[in-house]
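K.L.:
Build the 3D model from these lines:
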Amino acid sequence: MLMDDQCAIPAFDGLFPNDEDNRSISELLFLLATWHAYAKLRLHTETTLEMMESIGTALCQALRHFAGVTCPRYATKELPRETDTRARTALRNKARKASSTTVKTKTFNMTTFKLHCIPDYILAIRQYGTTDAYSTQIVS
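P.N.:
This is a model prediction of the structure:
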């Protein structure tokens, strides 16, 4: 079901010093790719929806593990271009220079709408059809 040229798992394999983190991230990437493949199906059956629901449950558990166990092990910060952009914006807005030039730490955010909606996709597919049949884009 997954295409070799669209898989990120080999790029992350062995990237982290901890074997547990490598396994955790590989599993998370696999679950994300599998769930995404199910979400993009143009035809669903009760079986595919049950499988997607099962993958969605495993994906949510893997995301919680990633946020609670894996992420805290690594200190992450914003990219230099993000710091520069923030500094330029602060200068344009005449904000304080001191806070705009410091590098901010970055953490994984579990409280996004997209992550919150993962379990709701199955109901939406049952109600409205496959995800290629409609758009959530605002039309003006």
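
K.L.:
next helix or strand past the helix or strand of the chain with the lowest mean pLDDT?
P.N.:
Lowest by mean pLDDT, DSSP states H and E among the helices and strands of the chain is helix 97-100, with a mean of 52. Using DSSP states H and E, the helix or strand that follows helix 97-100 in sequence is strand 105-106.

K.L.:
which other helices and strands contact the next helix or strand after that next one?
P.N.:
Per DSSP H and E, the first helix or strand lying C-terminal to strand 105-106 is helix 113-116. The criterion is 3 or more Cβ pairs under 8 Å, 6 or more residues apart in numbering; DSSP states H and E, and there are no helices or strands that helix 113-116 contacts. C-beta here means a position set from N, CA and C on the backbone, and glycine is covered the same way.

K.L.:
what sits up against helix 113-116?
P.N.:
By Cβ atoms under 8 Å, 6 or more residues apart in numbering, the surrounding residues in contact with helix 113-116 are C60, L63.

K.L.:
how about 10 Å then?
P.N.:
Helix 113-116 has contacts (Cβ atoms under 10 Å, 6 or more residues apart in numbering) with L59, C60, L63, R64, A67, F108, N109, M110.

K.L.:
Stretch 12-32 now?
P.N.:
So stretch 12-32 is contacted by 2, 7-11, 55-63, 65-66, 69-71, 73-74 (Cβ under 10 Å, 6+ apart).

K.L.:
List only those of those residues flagged as buried.
P.N.:
Neighbour-count burial (16 or more other Cβ atoms under 10 Å) applied to those gives I55, G56, A58, L59, C60, A62, L63, F66, T70.

K.L.:
Make CSV from those and add distance to R126 to it.
P.N.:
CSV is the format used below for the buried ones among the contacts of stretch 12-32 (distance: Cβ to Cβ, whole Å):
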residue, distance to R126
I55, 16
G56, 14
A58, 20
L59, 19
C60, 19
A62, 24
L63, 23
F66, 28
T70, 33
